[in-house]
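>>> Here's a sequence, model it:
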Amino acid sequence: MVLTSLDSVLHWATSPPIGPVHHSYLCNNGTHGQMEEVLENIQSVNKGLLLVGAISTEDERWAVLHVAKYLQWPVVADILSGIRLRKLLSSSPEVEENIVFVDYLDHALLSDFVRNLVRFDVIVQIGSRITSKRISQMLEKCFPCSYILVDDHPNRHDPSHFVTQRIQISAIEFANILLKAQIPHRSRKWHDYLQALNMMVGQEISFQVSAEHFLLEPYIAHVISEALSSESALLIGNSMVIRDADMYGYNWRSDTHSVADMILHTELPCTGILVAGNRGASGIDGLLSTAVAPLEICQENLLDVEEQLRFLFHAAEGASINYFLPMLKSSFSSWIWKTLGIPVGRSIYFLCGLEMATLNAIAVSQGSCLLNILHPLRERKSEKSPSVRICALLDSSGTPEEVGRIATDLVKEGFTAIKIKILSCPLMILLQKVARRADPVEDAAVKWEVRKKDSNLQYIEVLGFPPPPPDFDIDIFQEPVQGEADIIRFCEESGLPMALDETIDKCPENPLNMLVKYNHPGIVALVIKPTVIGGFERAAIIARWAQRQGKLAVVSAAFESGLALSAYIVFSCYLDWQNADTCKLMNNNLVPSVAHGLGTFRWLEEDVTTDLLGIEHITPGKVTLVGYSMGARIALYMALKFGDTKPVQIEGAVILSGSPGLENAVARKVRRAKDDSKACSLVTHGLKLFLDTWYSGGLRKSLRKHPNFNQIVSRRSLHNDSQVLARVLSDLSPGRQP
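Below you'll find the predicted structure:
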C-alpha cells in the first residue's frame, strides 16, 4: 500500500499540470477510518459496479457472492475470479436470479454506443488485476469517480492511477463489514438494461459460434468451457487464450444433480473446476499474475391437454411477465422454466400458443402491437403498411380438370405462389398450363411437394416421377425424400432446388447442431412450423440460421385457427424485415420476399371467433346504411365491399359529412400528420384536454350551444381506454383511407 500510494503521488506530481501534491497516509489503524469513507461512498451511489478480479480461495468467492447479492449492483467477473464461468445447478437458480452478472461487457464495449453510455459513479473491485483491456479503458472513462480496490496484499496494482481508495483486507472481512451497513437500493432500470444487453450479446455469441462450426479461438473457448466438469482441470497459459476465455466463456445450468446430492457432497449449489491461469510470453494486455483456484460454476390426448391447461392456468396466474421476452433469444424458455416450472423440450405443442398470448399481452400493456415489440427499431420509410406474401395450398386429390380450375381461381384471386401435393404424374402437364399466365405479373410460382399421402417417398420412388417440362417454372421441391443421406443425394444428383420440411419438424432442442448437416447449396429453403417445433423463439433461431446461409425461411401453418394465423403473419413480416437487415449487414443483395405457407385458412370450415352479428339476424330484407363523419366512411366502405354479395343485403347508403377520401397525395400526407399529432396528444395529455380541444373548434360552435352539451361531453369522457381511441383516430384518418 505504501508503494502504491507513493507511486500515485509521483505520477500526479510529474504529470501536467506539474505541481505539488498533498499526500496523507494513515499508518495506524488506517483501514477502519478508510472503511467509513468507503461505506459513505457506497451509500451515496447512483450507478454502482462490482468488479471481481483474481481470487484464490473458495471462501472469498462466496463472500463476494454475498456482497453482490446484498448490494444488488451489476457484477463483472474476471476469468480468474472463479465466478466468471458458472455451472449452476437448476435446483438452485437463486444465485443467477438475485445477482446481475454482466459476463459479456467486454464484447459489448466494441459498440461505440455502449462505450458512450456505460458510466459508473462508484466502482468496487475485489481482487487484483483485470484481464480485459476494454473494461480497464471503460473504467478510465468513468473518472472522476469513486474507485475502491479491496485486496489482501500490499503489492501495487493501479496502472492507470485512478484508484481513489485502497483497502488492504480480505474479501471475507470486507463482506462482514459491508453486510452490517445500511445500503439503499436504487432503481433497477439501469440493472435491467445491462442484463438485457448482456443477454443479447451472449445469445449472439452463442448463435454465431454454433452456426459457423469453425475451429477458431472463440469456438474453442466457448465449447471447452461448456464441456468442463467438476473432474476437469483447465490451465490457461497464454494471455490471448485468457482473453478468449474471458470474452467467450459459456455458462450453463446442470440438471444432473439433485438437492440431496448437493447437500451430501458439496453443500454448494455449484460444481467446482480447478482452473490455473498464467501470463503468456506475448504479454498481450499486460502481465497476468499466476492464479490457481477451484472455479465456481456456479403425442397427447384431450385429457392430457385439459390437465396441461389446468396446470398452466394455476402456474401463470399472478406470474410476472419479463419484458425481455420479445427478444426471442432463449428468454422464453428460461422464463417458462423459472416462472411456470415447465422444462424446455416438453409439451412443445402448446408453447407456441403461450408465447403468442404472452407477446400480445406485452404489446397491449405497452400500447403497441406485436410487430413493433418484435422489431421496435425498424425504420418505416413509407406510409404503406407492411405486407406479407401468402402461398396458397392446393390438394390434387380431384380430377386434373377440377384441380386446374381451382388453381386458376387462386391465381385470379391474387396468390403469387401455390403449393401443390402431387399424387399423379399427368397433373404436371395440366398445372403447367395453369401456372404459366400470359401476363408475367399473374404468373404463379408453383411449389412442388412430392408426397404419397402424408409420408415422404424413398429415393427410388422419387426417381419414378418423370421430369417436368423444360419450360416449367419450378420454384422449390419440398423435401421429396426422407433421411439425411437421401436428401443430400437428391440435391447433388437432381440439381433441383429443395426445401427442408419434415426434417425441421424433428429439430432437437438445439437445432443449430442438426442444421449444419444440411448446409448444401441445393437446399434453398427451410419450412418452419412454429406450432410443431415449439414456438416463435425456436422458429426465430432456425430462420436466422437459414437467412445467414442465404436460404429462404418460410413460415408454414399446420391448419391453425385464424387467431394463430394472424400472429403467424406478423411473425412472417418480422422474419422478412430481419432478412433485409441481415442482407444489409452482410452486403448481400436483397432477395424478393418469400411467400409464406399460410394459405390453410381456406381449408377450415369453422374458426375461433366471437359470434358475429350479421345483417340477416336483424332483418331478412335489405338495409340502408346511415353514417356520420367516421361512421360515414365505414358505411361507404361496407357498401362498396359488400354491395355485390349474394343475396344483396345493402340497398343504399346515406353519407353525412363523409367522403371517399382525399384525392391529392400531399393533402393525404398533411391530414395523416394532423391526425397522428392529435392521437399523440390524446395519449400524452389525457382524454379531458383532448375533448376540450376537440369541441372548441368552430365546426362545433352550434353543438356547444346545445342544452345537453355538458352531459354529452361527460358521457364521452367516461371512456377509459385512451390508447384505443388514439389508434382509431390515427388508423381511420382520411389520409389513410383507401
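
>>> what comes up buried for the one helix or strand residue 701 maps to?
Per DSSP states H and E: residue 701 is located in helix 701-704. By neighbour count with 16 or more other Cβ atoms under 10 Å, helix 701-704 contains no buried residues. Where C-beta positions appear, they are placed from N, C-alpha and C, glycine not excepted.

>>> Same question for stretch 56-68.
Applying 16+ other Cβ under 10 Å to stretch 56-68 flags 60, 61, 62, 63, 64, 65, 66, 67, 68 as buried.

>>> And the average pLDDT for it is what?
Averaged over stretch 56-68, pLDDT sits at 82.

>>> ok, for residue 594, nearest residue in space, not its chain neighbours?
Leaving aside its sequence neighbours, residue 594 sits nearest to residue 552 (Cβ to Cβ, 6 or more residues apart in numbering; 4.7 Å).

>>> Spit out the contact partners of that neighbour.
Counting by Cβ atoms under 8 Å, 6 or more residues apart in numbering, residue 552 touches 499, 524, 525, 526, 546, 591, 594.

>>> and the residue lying closest to residue 550 once chain neighbours are set aside, what are its phi and psi?
The shortest distance from residue 550 to any non-neighbouring residue, by Cβ to Cβ, 6+ apart, is to residue 588 (7.0 Å). Note on residue 588: backbone dihedrals following degrees, to the nearest 10 are phi -100, psi 150.

>>> same thing with residue 208?
Dihedral angles (degrees, to the nearest 10) for residue 208: phi -60, psi -40.

>>> burial count for it?
14 (other Cβ atoms under 10 Å).

>>> for residue 663, same thing?
Neighbour number of residue 663 under other Cβ under 10 Å is 8.

>>> Tell me which residues touch it, please.
Per Cβ under 8 Å, 6+ apart, neighbours of residue 663: none.

>>> and what of residue 37?
For residue 37, counting by Cβ under 8 Å, 6+ apart, the contacting residues are residue 165.

>>> what comes up buried for whatever helix or strand it lives in?
Per DSSP H and E: residue 37 is located in helix 30-43. Residues 31, 34, 35, 38, 39, 41, 42 are the ones in helix 30-43 that count as buried (16+ other Cβ under 10 Å).

>>> Nearest to residue 567 among those?
Distance ranking of the buried residues of helix 30-43 against residue 567, using Cβ to Cβ, places residue 42 first at 47.1 Å.

>>> After the helix holding residue 37, which helix or strand is next?
Next element after helix 30-43 (DSSP H and E): strand 48-52.

>>> next helix or strand past that next one?
helix 58-71.

>>> Send me that following helix as CSV with only the CA atoms.
Output of helix 58-71 as CSV, limited to C-alpha atoms (Å, rounded to 0.1, in the frame of the first residue of the first chain):
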residue,chain,number,x,y,z
GLU,A,58,-13.4,-20.6,-2.1
ASP,A,59,-14.5,-18.7,1.0
GLU,A,60,-13.6,-15.4,-0.6
ARG,A,61,-15.6,-16.2,-3.7
TRP,A,62,-18.7,-17.0,-1.6
ALA,A,63,-18.1,-13.8,0.3
VAL,A,64,-18.1,-11.9,-3.0
LEU,A,65,-21.4,-13.5,-4.0
HIS,A,66,-22.9,-12.4,-0.6
VAL,A,67,-21.7,-8.9,-1.3
ALA,A,68,-23.1,-8.9,-4.8
LYS,A,69,-26.5,-10.1,-3.6
TYR,A,70,-26.6,-7.5,-0.8
LEU,A,71,-25.5,-4.6,-3.0
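
>>> other SSEs contacting that helix?
Counting contacts by 3 or more Cβ pairs under 8 Å, 6 or more residues apart in numbering; DSSP states H and E, helix 58-71 packs against strand 48-52, strand 122-126, helix 171-178, strand 291-297.

>>> ok, back up a step: how much does the helix holding residue 37 deviate in direction from strand 122-126?
Here helix 30-43 runs at an angle of 130 degrees relative to strand 122-126 (axes from the mean of the first three to the mean of the last three Cα atoms, to 10 degrees).

>>> Put the alpha carbons of helix 30-43 into PDB.
Output of helix 30-43 as PDB, limited to C-alpha atoms (Å, rounded to 0.1, in the frame of the first residue of the first chain):
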ATOM      1  CA  GLY A  30      -6.000   3.200   8.800                       C
ATOM      2  CA  THR A  31      -8.300   0.600   7.400                       C
ATOM      3  CA  HIS A  32     -11.200   1.300   9.700                       C
ATOM      4  CA  GLY A  33     -11.100   5.000   9.000                       C
ATOM      5  CA  GLN A  34     -11.000   4.300   5.300                       C
ATOM      6  CA  MET A  35     -13.900   1.900   5.600                       C
ATOM      7  CA  GLU A  36     -16.100   4.600   7.000                       C
ATOM      8  CA  GLU A  37     -15.400   6.700   4.000                       C
ATOM      9  CA  VAL A  38     -15.900   3.700   1.600                       C
ATOM     10  CA  LEU A  39     -19.300   3.000   3.200                       C
ATOM     11  CA  GLU A  40     -20.300   6.600   2.700                       C
ATOM     12  CA  ASN A  41     -19.400   6.500  -1.000                       C
ATOM     13  CA  ILE A  42     -21.300   3.200  -1.400                       C
ATOM     14  CA  GLN A  43     -24.300   4.500   0.300                       C
END
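
>>> so where's the stretch 451-600 of the chain uncertain?
451-475, 591-592 (pLDDT under 70).

>>> again with the stretch 601-738 of the chain
601-614, 616-617, 646-648, 720, 738.

>>> if you set the cut-off to 50 instead, what comes out?
By pLDDT under 50, the stretch 601-738 of the chain contains no weakly predicted segment.

>>> from the contacts of residue 552, which is closest to residue 411?
residue 594 (18.0 Å).

>>> tell me the secondary structure for that closest one?
Judged by DSSP: H, G, I helix; E, B strand; the rest coil, the three-state class of residue 594 is coil.

>>> re the thing from before, most neighbours among the contacts of residue 552, which one?
Most surrounded of the contacts of residue 552: other Cβ under 10 Å gives residue 546, at 28 neighbours.

>>> circling back to that earlier point, show me which of the buried residues of helix 30-43 is closest to residue 335.
Once Cβ to Cβ is applied, the member of the buried residues of helix 30-43 that ends up nearest residue 335 is residue 42, at 31.9 Å.

>>> Hmm, that closest one is touching residue 178, no?
Yes: Residue 42 is within contact range of residue 178, at 7.5 Å (criterion: Cβ atoms under 8 Å).

>>> could you dump the helices and strands packed on helix 58-71 to JSON lines with mean pLDDT and distance to residue 414?
Putting the helices and strands packed on helix 58-71 into JSON lines (pLDDT from 0 to 100; distance: least, Cβ to Cβ, whole Å) gives the following:
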{"stretch": "strand 48-52", "mean pLDDT": "88", "distance to residue 414": "57"}
{"stretch": "strand 122-126", "mean pLDDT": "88", "distance to residue 414": "61"}
{"stretch": "helix 171-178", "mean pLDDT": "87", "distance to residue 414": "68"}
{"stretch": "strand 291-297", "mean pLDDT": "36", "distance to residue 414": "57"}
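
>>> Output those as a markdown table; include the columns distance to residue 721 and mean neighbour count.
Formatted as a markdown table, the helices and strands packed on helix 58-71 follow (distance: least, Cβ to Cβ, whole Å; neighbours: other Cβ atoms under 10 Å):
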| stretch | distance to residue 721 | mean neighbour count |
| --- | --- | --- |
| strand 48-52 | 40 | 25 |
| strand 122-126 | 43 | 25 |
| helix 171-178 | 48 | 19 |
| strand 291-297 | 49 | 22 |
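
>>> Make a markdown table out of these and add distance to residue 576.
Putting the helices and strands packed on helix 58-71 into a markdown table (distance: least, Cβ to Cβ, whole Å) gives the following:
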| stretch | distance to residue 576 |
| --- | --- |
| strand 48-52 | 40 |
| strand 122-126 | 44 |
| helix 171-178 | 52 |
| strand 291-297 | 40 |
